[in-house]
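Undergrad: Give me the fold of what follows.
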Amino acid sequence: MAQVKGIRQVAWFDCPGGGQVVVERGMAYIGHMRNPHGTSVVDVSDPRQPRLIERVEVPLGIHSHKVRVGNGLMLVNHEFLNATVVRGEQAPAGFRGGLGIYDISRPGAPRLVSKWEVTGEPGPSSGIHRFDFDGRYAYLSPTSEGYLGNIVLILDLADPARPVEVGRWWMPGQWTAGGETASWKGWAHKCHHPLRFGDRLYASYWHGGFVILDIADMTKPRYVSGLDWSPPCPWPTHSTVRVPFRIGGRDLLLVSDEDVVRLEGCQPYNSAFLWMVDITDERHPVPFSSFQLEHIPAEEQPYMTGCHQPVEKITGYEVPVAWFAHGLRIVDISRPHAMREVAYFLPDPPPGADRVQANDIYVDERGLMFLIDRVRGLHILERV
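TA: So this is what the prediction gives:
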């Protein structure tokens, strides 16, 4: 049964499951989880009657589940995933992962301007996973020849037809071609995605925690500090979202772990949750509180039960969070030592699914919330 408090559904739009949704000027752009569905453009100018106006497809073997828009451009990721191997799919010969760059001056007719491709041999997990975009620069998490796992890379799109790499950063141990040796197994430490705030990048680094990078000089991103709590906590770090205002005179970072791929050797926990980190002295980040749903049982839960990610642009004390099998949760951070839930929206599972899988949340300039399920459907919601 659906469980709702303080939130009203404006509309539900039936579409293939998605990994990300962003909204600009009454248009919702949805990156889908499974090919051939790539990116959908949905007119939500009347949020009560969302309407599909275009869909960009991707070939078999390719994953294009993330999208960003700005300055008349739409950027989408192209990534090979292990799941495509399991399904026996074969990507087209010569296809490489990377970034698709589209002109959306006419949102209903996205036009491919160029494609920036990663280096190295195509294979499972090669390409770009997540990224940020400010209308000029894209902050990427690509794989790259000679490196172990995804790194941080800044791309200049002043001329979208000719993207230019500006700078890159990697965690020491990733540059295998340079003779570095990792202290971790496999791809446990890899960039999940960087988020820009001012002249800083806050980059989640999977089982390597997160890092703060100074990008005042984008050609030479500089390590400021980092923090890793995995182990002892078993989950990878997913999102590092800067709170854009001070609370109690402190600078804060809201960090989510993702309820997947638990690290071997860690003690079992019930499911992933949120952390609040004090970065007033950014050279010494300090986690000082956390938030977990009270009703989740103490014992270990199935994957994708707990936290996934908060909204990536915080606009007030109430922060919407996509919480996988528990839908949308609104967390009040006004007292950062004692975060609390003030509203929630847990719909019935979408058709064809056993349970809800809330994957991403976006809040537009109207205050409407867009919640995409990774299996099926987009909920358009408002706070009441």
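Undergrad: Compute the number of surrounding residues for Pro302.
TA: 11 (other Cβ atoms under 10 Å). In short, each C-beta sits where N, CA and C put it, glycine included.
Undergrad: Likewise for the one 3 residues further on?
TA: For Thr305, the count of nearby residues is 20 (other Cβ under 10 Å).
Undergrad: Hmm, it is touching His326, no?
TA: Yes - Thr305 is within contact range of His326, at 7.4 Å (criterion: Cβ atoms under 8 Å).
Undergrad: Need the overlap of contacts for the two.
TA: Overlap between the contact sets of Thr305 and His326, as judged by Cβ atoms under 8 Å, 6 or more residues apart in numbering, is given by Ile296.
Undergrad: what about the residue positioned nearest the centre of the chain, which helix or strand?
TA: By Cα atoms, centre = their mean, the chain has its centre lying nearest to Arg130, at 5.8 Å. Counting by DSSP states H and E, the element that carries Arg130 is strand 128-133.
Undergrad: Packing partners of that strand?
TA: strand 67-70, strand 73-78, strand 98-103, strand 137-142, strand 189-197 (3 or more Cβ pairs under 8 Å, 6 or more residues apart in numbering; DSSP states H and E).
Undergrad: Send me the second one as PDB with only the CA atoms.
TA: What that stands for is strand 73-78. Extracted in PDB, the C-alpha atoms of strand 73-78 (Å, rounded to 0.1, in the frame of the first residue of the first chain):
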ATOM      1  CA  LEU A  73      23.000  21.800 -24.700                       C
ATOM      2  CA  MET A  74      22.000  18.300 -23.600                       C
ATOM      3  CA  LEU A  75      24.800  16.000 -22.500                       C
ATOM      4  CA  VAL A  76      24.300  12.200 -22.100                       C
ATOM      5  CA  ASN A  77      26.600   9.500 -21.000                       C
ATOM      6  CA  HIS A  78      27.500   6.300 -22.900                       C
END
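Undergrad: Pairing partners for it, with directions?
TA: strand 67-70 (antiparallel), strand 98-103 (antiparallel) (DSSP bridges).
Undergrad: Can you give the contact residues for it?
TA: With contacts defined as Cβ under 8 Å, 6+ apart, strand 73-78 is touched by 29, 31, 38-39, 56, 58, 62-69, 95-104, 110, 113, 115, 127-131, 133, 135, 138, 157, 160.
Undergrad: next one: the fourth one
TA: Under the criterion Cβ under 8 Å, 6+ apart, residues 68, 75, 97-99, 118, 127-133, 150-157, 163, 166, 190-196, 201, 203, 218 lie in contact with strand 137-142.
Undergrad: looking at the chain, which residue ends up farthest from its center?
TA: In the chain, the residue that sits farthest from the middle, by Cα atoms, centre = their mean, is Gly179; the gap is 30.8 Å.
Undergrad: From Val211, how far out is that one?
TA: From Gly179 across to Val211, the span is 21 Å (Cβ to Cβ, to the nearest Å).
Undergrad: got it, and Thr237?
TA: For Thr237, the distance to Val211 - Cβ to Cβ - is 10 Å.
Undergrad: Give the residues shared as contacts by the two.
TA: What both Thr237 and Val211 touch, as defined by Cβ under 8 Å, 6+ apart, is the set Tyr205.
Undergrad: Go ahead and confirm Arg162 touches Ser114.
TA: Yes - applying Cβ under 8 Å as the test, Arg162 and Ser114 come out as touching, 7.1 Å apart.
Undergrad: Can you check which residues contact both of these two?
TA: With Cβ under 8 Å, 6+ apart, Arg162 and Ser114 have no common neighbours.
Undergrad: just checking, Pro287 touches Asp228?
TA: No - between Pro287 and Asp228 there is no contact under Cβ under 8 Å: 10.9 Å.
Undergrad: Indicate which one of the strands paired with strand 73-78 is closest to Ser144.
TA: Among the strands paired with strand 73-78, the nearest to Ser144 by Cβ to Cβ is strand 98-103 (10.9 Å).
Undergrad: So what touches the closest one?
TA: With Cβ under 8 Å, 6+ apart, strand 98-103 has contacts from 56, 64, 72-78, 110-118, 127-128, 131, 138, 140, 142, 155, 157, 160, 163.
Undergrad: Please report how far Gln309 lies from Asp217.
TA: Counting by Cβ to Cβ, the gap from Gln309 to Asp217 is 29 Å.
Undergrad: These two: who's more crowded?
TA: Gln309 (24 against 11).
Undergrad: Name the nearest residue to the more buried one, ignoring sequence neighbours.
TA: Nearest non-adjacent residue to Gln309, counting by Cβ to Cβ, 6 or more residues apart in numbering: Ser239, 4.4 Å away.
Undergrad: picking that back up, what bridges to the residue nearest to the residue nearest to the centre of the chain when sequence neighbours are not counted?
TA: Closest residue to Arg130 apart from its sequence neighbours, by Cβ to Cβ, 6+ apart: His193 at 3.2 Å. Note on His193: beta-bridge partners Ser204, judged by DSSP bridges.
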